[in-house]
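>>> Build the 3D model from these lines:
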Amino acid sequence: MKKLRANFVYSNLNPCGGGERFTLVTMKALYEMGVEMDLTTLEQPNLSKLENAFGKDLASILKKIRKINLLDTFDEQSIHRNLHLNNYDLVINTHGDIDPYFHPSLNAKNTIVYCHYPSAKLFLESKDTEYLTYHLKIDRLHSYTNPSFEVTSQVAYKNPNQMMSQMVESMVTRSGNHIYDSENSKKEYVDWAKTTYDRMITDSFLITNSNYSKAAIQKEYDRNDILVLSPPVDVDTIISKVRIDQDLDSSASSNEICILVVCRIEPTKRIENAIYLARLLKERKISAKITIAGSLESHYQNYYNDMIKLIAELDVSEIVELHIDVSFEELVKLMKKSKIFFHPREGEHFGMSIVEAMSAGLIPVVPAEGGQTEFVPMEYQYKSLEDATKIISLLANMSKENMSKESNRIRNISRKFSETNYKRQFQLIVSRLLYNLEFNHQNVFDSNWKIRDSISAELARR
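This next block holds a predicted model:
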């Protein structure tokens, strides 16, 4: 019996943020269904970095991938060849907020797009240089029209950053002998990307992460059938590792409250807000320690350097610490030391790091705009850094007993975002698309064996 085959689309897994972790969990959900998987990407996955960030168990799903399609860029010819050569039953783009990947052969019956937010539409309309360079790799563009292709395949055995015994196919677009008009070619590419992204969002089976993001998509596109499916968070593992009633780390003084910030080190995450918060806390004589932990890509080294300078300029070096590329185990240790989680970015689409912190019992102090407002209690939402300072001051003066009760309440909110719940719901969606099986949305928490039995029955019938 021929195995069903799916193509995962994600431009770069190496930043090791929430979206990347979400993609690996989604791969696990599909692998559990017995579906064969390929990955189409613009960057070779760095396995050791992914293992450090997410643990070997989750990162190992990449070793189950049949083949990696390594493209120069997402362009019309590369996508056509990618699909034509592989004959996929299903395409899953888990980076639908960023990656324009679509083709006339794709539709809502064979393509799932998880769009965290319609960011690419806004970036393409404004011709955002950062987006075009970092995400779409426009500087790799050779000639957009009449290209030739160089397709190479290799089996990777020795490079620890590649998947062992795994086929890596590079589809590199090469320009012909004609004169290459760089600016005109880039303009044509941006026009193509805009049209392709619009068609992808309009014509795929569309999922998003929150009602906040759903409203943003509907503002840009006339779609009323968008499914909201919260992304998976490893709450069960964190709950098993962090006891709420544990004593604070001995390195923290009894009057000092530890605040944790977790996000990728890049400008869109607004890390400077955490540093300005530190200055406010210092001015109001609130004894606190802020730890900022996140992954750093070399592309954002200048931003990281700017944050180091800002810490010095605001004279908060004794309050703020930066931890780069921490492992999952190191992150758990930081959670154990902390009482409060501060999120510096307003307009967050969902906030997986917020849910992770909540599962550890940390009280989240978050902006009053974004997807996180759908699950963080209103009393912990701030409209300004002054507001955030007041909330933190109240928490700092809370009794240990009341803090423990509040931590348990916050932890219980996080439980509904478990990986198990997400995988069951995603498998249900895939089953409906692949096998035309009808499932009532009320039954999304049925056991996995029911889904597998339904699939087996359908395959036997065929």
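
>>> Okay, now the unreliable bits of the stretch 51-200 of the chain?
Applying pLDDT under 70 to the stretch 51-200 of the chain flags the ranges 142-181.

>>> can you give me the strands in it?
Remark: strands of the stretch 51-200 of the chain, listed N- to C-terminal, are 67-71, 90-93, 111-114, 148-156, 166-174; assignment by DSSP state E, counting those that start in this stretch.

>>> Give me the distance between the spatially closest residue to residue 255 that is not a sequence neighbour and residue 281.
If the residues on either side of it in the chain are set aside, residue 255 comes closest to residue 287, at 5.0 Å by C-beta to C-beta, 6 or more residues apart in numbering. Yep, even glycine has a C-beta here, placed from its N, CA and C like the rest. The spacing between residue 287 and residue 281, counted by C-beta to C-beta, to the nearest Å, is 8 Å.

>>> What of residue 101?
Residue 101 is 44 Å from residue 281, where distance means C-beta to C-beta.

>>> Those two: who's more crowded?
Between residue 101 and residue 281, counted using other C-beta atoms under 10 Å, residue 101 has the larger neighbour count: 27 against 24.

>>> how far away is the more buried one from residue 80?
Where residue 80 is concerned, residue 101 sits at a distance of 11 Å (C-beta to C-beta).

>>> Please apply the same query to residue 296.
Counting by C-beta to C-beta - residue 296 and residue 80 are separated by 35 Å.

>>> between the two, which one's more packed in?
Neighbours per residue (other C-beta under 10 Å) separate residue 296 from residue 80, with residue 296 holding more: 17 against 13.

>>> Next, the more buried one: secondary structure please.
At residue 296, secondary structure determined by DSSP: H, G, I helix; E, B strand; the rest coil is coil.

>>> Identify the residues contacting it.
Taking C-beta atoms under 8 Å, 6 or more residues apart in numbering as the criterion, residue 296 is in contact with 264, 265, 304, 324, 325.

>>> How much space separates the first one from residue 410?
Yep, that's residue 264 we're talking about. Taking C-beta to C-beta, one finds residue 264 at 23 Å from residue 410.

>>> Settle it for me: which of these two has more neighbours?
When neighbours are counted by other C-beta under 10 Å, residue 264 and residue 410 differ, and residue 410 comes out ahead with 23 against 19.

>>> what's the closest non-adjacent residue to residue 426?
Using C-beta to C-beta, 6+ apart and skipping residues adjacent in sequence, the residue nearest residue 426 is residue 29, 4.8 Å away.

>>> ok, which stretches of the stretch 101-250 of the chain are helices?
Defined through DSSP state H, counting those that start in this stretch, the helices belonging to the stretch 101-250 of the chain, from first to last, are 119-125, 129-130, 182-203, 211-220, 235-241.

>>> quick one, which of these is packed in tightest?
helix 119-125 (a mean of 19; mean count of other C-beta atoms under 10 Å).

>>> then that helix to CSV, C-alphas only?
Included here for helix 119-125 are C-alpha records, laid out as CSV according to Å, rounded to 0.1, in the frame of the first residue of the first chain:
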residue,chain,number,x,y,z
SER,A,119,2.4,39.6,8.4
ALA,A,120,3.7,38.9,5.0
LYS,A,121,0.9,40.9,3.3
LEU,A,122,1.9,43.9,5.3
PHE,A,123,5.6,43.4,4.7
LEU,A,124,5.2,42.9,1.0
GLU,A,125,3.0,45.9,0.5
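
>>> other SSEs contacting that helix?
Taking 3 or more C-beta pairs under 8 Å, 6 or more residues apart in numbering; DSSP states H and E as contact, the helices and strands that helix 119-125 lies on are helix 182-203.

>>> Against which helices or strands is the helix it packs on packed?
Helices and strands touching helix 182-203, by 3+ C-beta pairs under 8 Å, 6+ apart, are strand 111-114, helix 119-125.

>>> could I get these as a markdown table with distance to residue 11?
What follows is the helices and strands packed on helix 182-203, written out as a markdown table (distance: least, C-beta to C-beta, whole Å):
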| stretch | distance to residue 11 |
| --- | --- |
| strand 111-114 | 14 |
| helix 119-125 | 11 |
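
>>> To residue 46, which of those lies closest?
strand 111-114 (22.3 Å; C-beta to C-beta).

>>> got a list of contacts for that closest one?
Where contact means C-beta under 8 Å, 6+ apart, the residues beyond strand 111-114 that reach it are 22, 26, 90-96, 102, 200-201, 203-209, 229, 429-430, 433.

>>> Give me the distance between it and the centre of its chain.
Going by C-alpha atoms, centre = their mean, to the nearest Å, the spacing between the C-alpha centre of strand 111-114 and its chain's C-alpha centre is 15 Å.
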